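Student: predicted model follows, preceded by the sequence.
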Amino acid sequence: MKTVLDYLEENALLVDAFLEKKLLYRGVPPVLEKAMRYGTIGGGKKVRASLLFASGEVFGIEREKLLPLAAGIEMIHSFSLIHDDLPCMDNDDYRRGKLSLHRAFGEAMAVLVGDALLIEGLRVFAADRRFLEEFGKEKLWEVLVVLFEALGASGMLSGQVLDIQKEGKPVGRSVVEQIMVMKTARFIQAAILCGAILGGAKAEERSFLAEFGLLLGKCFQLKDDLLDVTGSRDQLGKTAGKDLVQGKATLLRVVGFEEAEKQLRSWYEEALSVLARIERPVDCLRDIARFIVEREH
Ligand code: GRG
């Protein structure tokens with residue numbers, strides 16, 4: 001029987017194979033292509049791509065049709081990690097079990113490769129003729145708007161600004177939750193919403209998936225924070241125990257480990273009960289949700 005780990009691995013391989021072919025450019029400085037490939041292919045869990053596939057599956061969309069968008073979402077995610085690791089941001093030397101991009105290629109290149117992955121990550125599906133013919137202009141436009149909103153001033157960008165601003169400062173619960181939502185949860189929610197948009201979900205289904213996605217995104221960030229305390233560098237593929245040292249504004253810091261674990265359970269259960277309201281096959285999304293809260297990396 002196929003487990004969720006098999007499913008995630010299969011999806012990661014599919015996305016990597018797609019990126020292998022797509023991240024080959026003519027007339028581009030070879031170092032840019034090499035570094036873009038270094039930052040994306042063969043690394044990371046590719047959870048956001050899997051969430052898009054699983055959400056598409058709820059509406060009967062075949063994975064192959066979603067591949068350009070899944071790859072684009074993972075390129076954009078990789079951009080955020082590359083910039084997050086920069087010395088002027090979180091300053092991390094390791095990512096995905098190897099040197100972070102600026103350590104391997106230099107800081108200027110890491111800034112530019114991040115920029116490239118953000119723009120190319122949008123282009124890879126928006127300029128894909130077959131993707132456009134399959135889903136049509138209206139849905140493509142909706143997908144772009146959802147991604148812009150999750151990434152821009154109302155999402156990841158502001159989440160990162162707050163994350164940096166609040167480092168080492170006293171913070172309350174509402175601010176740390178705002179950081180979790182903006183920095184992490186909105187993009188995870190967007191990956192799930194894209195499947196709903198492309199699948200022609202009804203308004204009610206879309207709003208359940210939006211609620212589920214936000215709760216799952218908060219679970220994802222909280223689990224990431226807990227793993228930062230309990231995990232090792234080998235296990236996580238990145239430096240462990242940094243949040244406490246850097247005085248990161250996390251929920252864990254505000255409420256303590258035990259309370260944070262309880263909160264994770266409670267958001268997870270709430271997410272599952274919202275998901276259960278959708279009268280379609282949601283097993284894949286449920287399995288990934290479980291993986292997210294139980295994972296060890
Ligand atoms: C969007 C314009 C714009 C700017 C981005 C740098 C930055 C500003 C934001 C950083 C956001 C960030 C890194 C959030 C953390 C999210 C998180 C918990 C990432 C870890 O994701 P995993 O575990 O990583 O899925 P893998 O390596 O498995 O892909």
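Tutor: The structure has been received and is ready for your questions.

Student: neighbours of Lys46, how many?
Tutor: Using other Cβ atoms under 10 Å, Lys46 has 26 neighbouring residues. Quick note: C-beta positions are derived from backbone N, CA and C, even for glycine.

Student: mind listing what it touches?
Tutor: Counting by Cβ atoms under 8 Å, 6 or more residues apart in numbering, Lys46 makes contact with 8, 11-12, 15-16, 70, 74.

Student: how close does it get to the ligand?
Tutor: As for Lys46, its distance to the ligand is 7 Å (criterion: Cβ to the nearest ligand atom, to the nearest Å).

Student: can you pull the contacts of the nearest residue to Ile76 once chain neighbours are set aside?
Tutor: Distances taken as Cβ to Cβ, 6 or more residues apart in numbering put Gly121 closest to Ile76, at 4.0 Å, once the chain neighbours are dropped. Listed by Cβ under 8 Å, 6+ apart, the contact set of Gly121 reads 71-76, 78-79.

Student: and Gly121, what element?
Tutor: Secondary structure assignment for Gly121, by DSSP states H and E: helix 107-126.

Student: assign the residue in the stretch 1-150 of the chain that the ligand sits nearest to to helix, strand or coil.
Tutor: With Cβ to the nearest ligand atom as the measure, Gly44 is the residue of the stretch 1-150 of the chain nearest to the ligand, at 2.8 Å. At Gly44 the chain is in coil, as set by DSSP: H, G, I helix; E, B strand; the rest coil.

Student: now do the helix or strand containing Leu222, average pLDDT.
Tutor: According to DSSP H and E, Leu222 maps onto helix 203-230. When pLDDT is averaged over helix 203-230, the result is 98.

Student: what packs against that helix?
Tutor: Other helices and strands packing on helix 203-230, by 3 or more Cβ pairs under 8 Å, 6 or more residues apart in numbering; DSSP states H and E, are helix 47-58, helix 173-180, helix 186-198, helix 233-236, helix 242-246, helix 251-255, helix 257-275, helix 283-294.

Student: would CSV of these with mean neighbour count and mean pLDDT be doable?
Tutor: Listed next are these as CSV, based on neighbours: other Cβ atoms under 10 Å; pLDDT from 0 to 100:
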stretch, mean neighbour count, mean pLDDT
helix 47-58, 26, 98
helix 173-180, 18, 98
helix 186-198, 26, 98
helix 233-236, 14, 93
helix 242-246, 13, 91
helix 251-255, 18, 95
helix 257-275, 16, 98
helix 283-294, 18, 98
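
Student: Val4 is nearest to which of these?
Tutor: helix 283-294 (4.0 Å; Cβ to Cβ).

Student: who's in contact with the closest one?
Tutor: Residues contacting helix 283-294 (Cβ under 8 Å, 6+ apart): 4-5, 7-8, 47, 50-51, 53-55, 57-58, 192, 212, 216, 219-220, 223, 264-265, 268, 271-272, 275.

Student: and Leu122, what does it touch?
Tutor: 72, 76, 144, 147.

Student: before we move on, what about Leu264?
Tutor: Leu264 neighbours (Cβ under 8 Å, 6+ apart): 219, 222-223, 226, 293.

Student: report the separation between it and Leu227.
Tutor: Leu264 sits 11 Å away from Leu227, going by Cβ to Cβ, to the nearest Å.

Student: what parts of this protein come near the ligand?
Tutor: Residues of the chain found near the ligand (Cβ under 6 Å from any ligand atom) are 44-45, 47, 77, 80-81, 83-84, 89, 96, 151, 156-157, 160, 183-184, 221, 224.

Student: filter those to the buried ones?
Tutor: 44-45, 47, 77, 80-81, 83-84, 96, 151, 156, 160, 183-184, 221, 224 (16 or more other Cβ atoms under 10 Å).

Student: and which of those is nearest Ala127?
Tutor: Closest to Ala127, out of all of those and judged by Cβ to Cβ, is Leu151, at 18.1 Å.

Student: give me the pLDDT for that closest one.
Tutor: 98.

Student: now Gly217: how far from Ala150?
Tutor: Note on Gly217: its distance to Ala150, by Cβ to Cβ, is 9 Å.

Student: which of the two has more neighbours?
Tutor: Counted by other Cβ under 10 Å, Gly217 and Ala150 do not tie: Gly217 has more neighbours, with 28 against 25.

Student: mind listing what the more buried one touches?
Tutor: 180-181, 184-189.

Student: center of this protein, which residue is that?
Tutor: Arg48 (4.7 Å; Cα atoms, centre = their mean).

Student: please name the residues that touch the residue nearest to that one when sequence neighbours are not counted.
Tutor: Leaving aside its sequence neighbours, Arg48 sits nearest to Ala191 (Cβ to Cβ, 6+ apart; 4.3 Å). Contacts for Ala191 were tallied using Cβ under 8 Å, 6+ apart; they are 48-49, 51-52, 55, 73, 213.
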